[in-house]
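Q: my questions are about this predicted structure, shown below with the sequence.
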Amino acid sequence: MTDTLFSLADKLPMEDRLPPAYPERAAWGTGPKLRAWQAEALDKYFTANPRDFMAVATPGAGKTTFALRLAKVLVDAKTVNRIIVVAPTDHLKKQWADAAGRVGLAIDPNFKNSDGRHGDGYIGVVVTYAQVASKPMLHRAKTEAARTLVILDEIHHGGDALSWGDGIREAFEPATRRLALTGTPFRSDTAAIPFVEYAEGPDGIRRSKADYTYGYGQALRDHVVRPVLFMAYSGSMRWKTSSGEEMEAQLGEGFTKDITAHAWRTALDPAGDWIPSVLAAADKRLTRVRRTVPDAGALVIATDHEDARGYAEQLEKICGEKVTVILSDDAGASKKIDEFSAGDSRWMVAVRMVSEGVDVPRLCVGVYATSTSTPLFFAQAIGRYVRSRKRGEVASIFLPSVPVLMALANEMETERDHALDRPEKHFQDPDYNPEDDLVAEANREEKASDELNKQKFEALNSNASFDRVLFDGGEFGTGGAVGSEEEEDFLGIPGLLDADQVGVLLRQRQAEQVSRRKVRKGAEEAAAAPVVDHRALMEMRSTLSKNVSAWSARTGTPHGVIHTKLREVCGGPAVAQANAEQLQKRLNKLQGWFIGKK
């Protein structure tokens, strides 16, 4: 089909035209003021003037603004005269079109493959990866018909399926420019992603190579994203297995993977007592946050439609307000998300589709009520809450106290690349990083969870207890019952605090709780035999801390991850509550690691 939108001169290949003249930074298009990282990334792009460029920026940092400012400069310089944006979902197509319109670029989010060409009023289209995969030659023809900039949003989706990767490779190979964006470049598989450069490291593993990276830790220091408090809840779980056997376990304690998964699933059962207790705590936290952030909203991420409806019913009883429910088969889902984002209602419950890219900046409180545990999904989900609107807003995420989630929460600042290869013998490799195993472990748990869902299973009952708060790789709190003074200490933290202030306040609350516990138990401890030698206990804690620091220095593993692993392997409470025997077990285990014992 003939494309009449552009002149033949505009379709000349790059080598047949004079090099474009790009404006100085001060004249970089129109729109909102650029953040420092966006300006730096644009500097790097226009200095190199590449055909392919991949920017990795943490969710909430402003990848869309960066990409559209870059596109506007390329259009104004006549380097490109067509824009194609590829997004993961239909809802994101509308977000991209709205954002482009604000910088003077008209791109069509309603383009369908059957349309053949877009309207003359548009400079391009927004499509999904699935849309491209179904008709790659159609999109290749559109790409070839003009000097095209292709923006691949969340490029890791190029490895979701063979057809998706093949589709975008076939469609966009002739593009004049390609800009790849992602906030989560790592994946569990080893499928190469089109238009991503891979470089082999000293260990022989090929990893993705970004042209510009802006991680969560740096964004937090720049006040671009919010600090995140993870409020972990444990509790006692009872369920019946496929063989009819009744089981009971404490959520998050060091049992087998199957028991951990069954206990986790029991906790998320809408008919139990665990999830209503956690939802009530999260709603109480939301009330506290709304004192300083009046329009603060909250989101529950559920595993499936049935659970989502059950959680919404529970929440409406708790807060006395209508809850927005977003289901993947709901034709009006995008409209509901937009209405919730623009309003000031309290709660939204969704299944997966709000886990990536969807922009609801007022989300300040979340409940991670899903058994999905891959690092990719976790990072995408937490990314919904970290977008900063003004300095000081704090995000609070409520989640089950299970080892894989605790490890992921403690690794918020860890940056990884997509690895194509896997070392065969980790423990014989002197450069082996144990954090790599956390990724693999999370993906194994995800597969195990899928298998459990196919088995007959009956949740019997559950209850919740406050476990701890995780922040910046550290653990805080002495635990306590739901509604206890210990829980209230952390639910009542102000909603406007800088990251440094959060750390100071958490340490203060921790010290107060330890002091209160000592006072309350003073009489019992005095009467107990044998008497606890507090000096010896403090010395053991100090020794453990030094050993953990040494292991962290050797392996690069965050302190919080090491403590979580020791609790998982050896059992027992957090260090502040552990007795001498429990501390000694952890010391022995650490000593074993240093000499190479598993």
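A: Alright, I've got the coordinates.
Q: okay, CA-based contacts and neighbour counts for the rest of this
A: Will do.
Q: average pLDDT across stretch 569-589?
A: The pLDDT scores in stretch 569-589 average 88.
Q: quick one: contacts of it?
A: E253, G254, T478, V514, L537, M540, R541, L544, N547, L566, R567 (CA atoms under 8 Å, 6 or more residues apart in numbering).
Q: check stretch 215-225 too.
A: Contacts of stretch 215-225 with the rest of the structure, by CA under 8 Å, 6+ apart, involve 56-61, 226-227, 386-388, 391-392, 412-413, 415, 499.
Q: okay, now the unreliable bits of the chain?
A: 1-32, 159-162, 184-191, 254-255, 329, 352-358, 412-456, 520-532, 598 (pLDDT under 70).
Q: roughly how far does H305 sit from P109?
A: Separation of H305 from P109 (CA to CA, to the nearest Å) stands at 27 Å.
Q: and the closest residue to D108 other than its chain neighbours, its phi and psi?
A: Once flanking residues are discounted, D108 sits nearest to V125: 4.4 Å by CA to CA, 6 or more residues apart in numbering. According to degrees, to the nearest 10, the main-chain angles of V125 amount to phi -140, psi 160.
Q: do T292 as well
A: phi -110, psi -20.
Q: burial measure for the closest residue in space to it that isn't next to it in sequence, as a count.
A: Leaving aside its sequence neighbours, T292 sits nearest to G495 (CA to CA, 6+ apart; 6.2 Å). G495 has 25 neighbours, counted by other CA atoms under 10 Å.
Q: go on, the one 10 residues further on?
A: The number of residues packed around L505, counting by other CA under 10 Å, is 16.
Q: do the same with C319
A: C319: 16 neighbours (other CA under 10 Å).
Q: and if you look at H157?
A: Residues near H157, counting by other CA under 10 Å: 20.
Q: of the contacts of stretch 569-589, which is the nearest to S328?
A: E253 (33.6 Å; CA to CA).
Q: could you check how far the closest one is from H262?
A: Separation of E253 from H262 (CA to CA): 12 Å.
Q: check E568 too.
A: On the measure of CA to CA, E568 and H262 end up 17 Å apart.
Q: coming back round to it: more crowded one of H305 and P109?
A: Neighbours were counted for H305 and for P109 using other CA under 10 Å; P109 has more, 21 against 18.
Q: drop anything exposed from the contacts of stretch 569-589.
A: For those, a burial check counting by 16 or more other CA atoms under 10 Å picks out E253, G254, T478, L537, M540, R541, L544, N547, L566, R567.
Q: quickly note the distance from the fourth one to L506.
A: Which is L537. 23 Å.
Q: please identify which of E568 and H262 sits among more neighbours.
A: Comparing E568 with H262 by other CA under 10 Å, the one with more neighbours is H262, at 26 against 17.
Q: immediately after the helix or strand the more buried one falls within, which helix or strand?
A: In this assignment (DSSP states H and E), H262 forms part of helix 257-267. Sequence-wise, the next helix or strand downstream of helix 257-267 (DSSP H and E) is helix 274-289.
Q: wait, isn't the residue nearest to T292 in contact with E393?
A: Yes: under the criterion of CA atoms under 8 Å, G495 lies in contact with E393, with a separation of 6.0 Å.
Q: what touches both of the two?
A: The contact lists of G495 and E393 share V293, where a contact means CA under 8 Å, 6+ apart.
Q: what number of residues lie near E173?
A: Neighbours of E173 (other CA under 10 Å): 16.
Q: then Q501?
A: Neighbours of Q501 using other CA under 10 Å come to 11.
Q: in what helix or strand does it lie?
A: helix 499-520.
Q: and that helix, what does it pack onto?
A: In terms of contacts (3 or more CA pairs under 8 Å, 6 or more residues apart in numbering; DSSP states H and E), helix 499-520 is packed against strand 474-476, helix 485-491.
Q: nearest to L460, out of those?
A: Closest to L460 of these is helix 485-491 (CA to CA; 25.7 Å).
Q: circling back to that earlier point, for the buried ones among the contacts of stretch 569-589, which one is nearest L279?
A: T478 (20.8 Å).
Q: the strands in the stretch 401-550 of the chain, which residues?
A: Secondary structure of the stretch 401-550 of the chain (DSSP state E, counting those that start in this stretch): strands located at 458-462, 465-471, 474-476, 480-481.
Q: got the ones you listed as CSV, with distance to V73 and mean neighbour count columns?
A: Formatted as CSV, the strands of the stretch 401-550 of the chain follow (distance: least, CA to CA, whole Å; neighbours: other CA atoms under 10 Å):
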stretch, distance to V73, mean neighbour count
strand 458-462, 57, 19
strand 465-471, 40, 23
strand 474-476, 43, 21
strand 480-481, 56, 17
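Q: closest to R117 out of the ones you listed?
A: strand 465-471 (50.0 Å).
Q: tell me which helix or strand W551 sits in.
A: Short version, using DSSP H and E: W551 is in helix 534-555.
Q: same check, this time on N588
A: Assigned by DSSP H and E, N588 belongs to helix 580-594.
Q: what are the buried residues along that helix?
A: A580, Q582, L583, Q584, K585, R586, L587, K589, L590.
Q: roughly how far apart are the residue positioned nearest the centre of the chain and T64?
A: By CA atoms, centre = their mean, the chain has its centre lying nearest to A379, at 1.7 Å. Counting by CA to CA, the gap from A379 to T64 is 18 Å.
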